[in-house]
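**Student:** sequence plus the predicted model coming up.
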Amino acid sequence: MILVYNLLSSVLPSDPAEQHSSGGGDDIMHHVLDHDILHLPTVLGVDLSISYHTLMMWIASALLLFFLTPLFRKRNIIPKGRFANSIEAIVEFLRQDIIYNYIGKEGKKFENYLLTVFFFILTNNLMGLVPGGAAATSDISVTVTLTLLTFSMVLGAGIAHHGFFGYWKGLIPGGVPGWLIPVLFPIEILGILAKHFALAMRLFANMTAGHITILALIGLVFTFNSYFIAPAPVIVAATIGVLEVLVAFLQAYIFTLLSGVFIGASVHQDH
Amino acid sequence: MDLLTPDTGLMFWTVLTFALLYFVLGKFVWKPVGEVLDEREARLNASLEKAEEAQKSAEAALEKNKEMLTEARNEVQELIAKGKKTAESVREDIIAEAKSEATALIDRARKEVNLEQEKALDEIRKLAVDLSISATQKVIGKALSEKEHQQLVSQSFEDLGELN
């Protein structure tokens, strides 16, 4: 029971007095939370300090640029190489399955955004599985920012397609009696906000939960301090680590899929 | 830095990083990949169409060949029939010719036989005359004068003629 309590207190924010006695909890929070590695001045209320997650995000982005940019210099009609082939397969899958499936013809305008979102999230997710690395997507700041970008895409697509007032009017389904509109409109607005809030929380929670689980399992080794018990948490942690690879791909896919669905719903309001 | 409090600094850097990725990847990766995929699709479609067309034309050629083969067979059949007919007629002609030749030969032979017969009869007649003359000479004991001789001969011819 004490163990479970310790684990819970390591995940949930707890009052400082208890944190001193919770042992591993501090370590876990230290790993999960971001910390500055280079202090920069605050400009217009924005602290520009480079944090660990910023660095990880940059490393992920640099890897993306480094590996993807030279890949399609020559526009080979016949695919060359396994890596180029797999990237092509993913791009084709996203295009067919999400972009053209949910947005349709207008999907071409959002192709770059959705593909970039997918590969950005995927690479960042996978960074969290590298020893010593961390997933920037396990930071709520990053997921909220991505969600805000999707949200602006959704609004932009809707307003560009239906006009500013047409978009808001289109939120109310057709055939609704007039007196219901004042009730329905706030509900629809709340619905949109909730959908995007969930989008940010889903990615953040999934990425953070995996890390916390692995850290907690590893923490068991030190909590028990016994050679007999130590292998069990390690095996389970390794299994969770494999699962994390799946989750990394899955969450990147889900975020991209839902972004596509939201944009599609905004473009085709009548459906 | 709390777990659930967004940090504006990181948000700022995220926007900046994402914007950079968006433009660079969009220009150098997604655009060429999309173009390559589209072109490949178009090419595959085109080559599929071509293959279909080629198959169709091959089928048509096969059909044509078959037709030609049947035509050739028919022609050969016709030629054989014609040859048979010609041979038949030639055979008939030859037979007819041979027959007519044979008849002609028989006719000629008959005529010759008749002529020989005639000749032989003439000779017999002459001999008969001579014999009768010599017999008469012996019987009468003297030779007849030329004039009487002539008269006698013609008379006996007339008798012979009556006999004939």
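**Tutor:** Here it is on my side, so go on.

**Student:** ok, which stretches of chain B are strands?
**Tutor:** Counting by DSSP state E, no segments of chain B form strands.

**Student:** got any ranges where it has weak pLDDT?
**Tutor:** Where chain B drops to pLDDT under 70, the residues are B:1, B:141-144, B:162-164.

**Student:** for it, what lies in contact range of chain A?
**Tutor:** Proximity of chain B to chain A, by C-beta under 8 Å from any C-beta of the partner chain, involves residues B:1-15, B:17-18, B:20-22, B:24-26, B:28-37, B:39-40, B:43. In this view, the C-beta of every residue, glycine as well, is placed from N, C-alpha and C.

**Student:** buried subset of those as a PyMOL selection?
**Tutor:** Selection of the buried residues among those in PyMOL, burial being defined by 16 or more other C-beta atoms under 10 Å in any protein chain shown:
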select buried, chain B and resi 3+6+7+8+9+10+11+12+13+14+17+18+21+22+24+25+26+28+29+30+32+33+34+36+37+40
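
**Student:** so which of the residues of chain B next to chain A are in helices?
**Tutor:** In this view, these that belong to helices under DSSP state H are B:8-15, B:17-18, B:20-22, B:24-25, B:31-37, B:39-40, B:43.

**Student:** got the domain ranges for chain A?
**Tutor:** Domain assignment for chain A by automatic domain parsing gives A:1-33, A:39-267.

**Student:** considering the ones you listed, which stretch scores lowest in mean pLDDT?
**Tutor:** Across the domains of chain A, the stretch with the lowest average pLDDT is domain A:1-33; it has a mean of 54.

**Student:** the helices in the chain, which residues?
**Tutor:** Chain wasn't specified; assuming chain A. In chain A, the segments counted as helices under DSSP H are A:2-11, A:16-21, A:24-32, A:52-68, A:82-94, A:107-127, A:140-162, A:164-170, A:181-224, A:231-267.

**Student:** my bad, the chain I had in mind was chain B
**Tutor:** Counting by DSSP H, residue ranges of the helices within chain B are B:8-25, B:31-140, B:146-163.

**Student:** which residue lies nearest the spatial centre of chain B?
**Tutor:** With distances taken as C-alpha atoms, centre = their mean, chain B has residue B:79 as the residue nearest its mean C-alpha position (3.5 Å).

**Student:** could you measure from it over to residue B:87?
**Tutor:** Noted for residue B:79: a distance of 12 Å to residue B:87, by C-beta to C-beta, to the nearest Å.

**Student:** near chain B, which residues of the stretch 151-271 of chain A show up?
**Tutor:** residue A:208.

**Student:** nearest spatial neighbour of the residue of the stretch 151-271 of chain A found nearest chain B, chain-adjacent residues omitted?
**Tutor:** Scanning the stretch 151-271 of chain A for proximity to chain B using C-beta to the nearest C-beta identifies residue A:208 as nearest, at 7.4 Å. When the adjacent residues along the chain are set aside, residue A:208 lies closest to residue A:138, with 4.5 Å between them (C-beta to C-beta, 6 or more residues apart in numbering or on different chains).

**Student:** my read: that neighbour touches residue A:211, true?
**Tutor:** Yes - using C-beta atoms under 8 Å, residue A:138 makes contact with residue A:211 at a distance of 5.8 Å.
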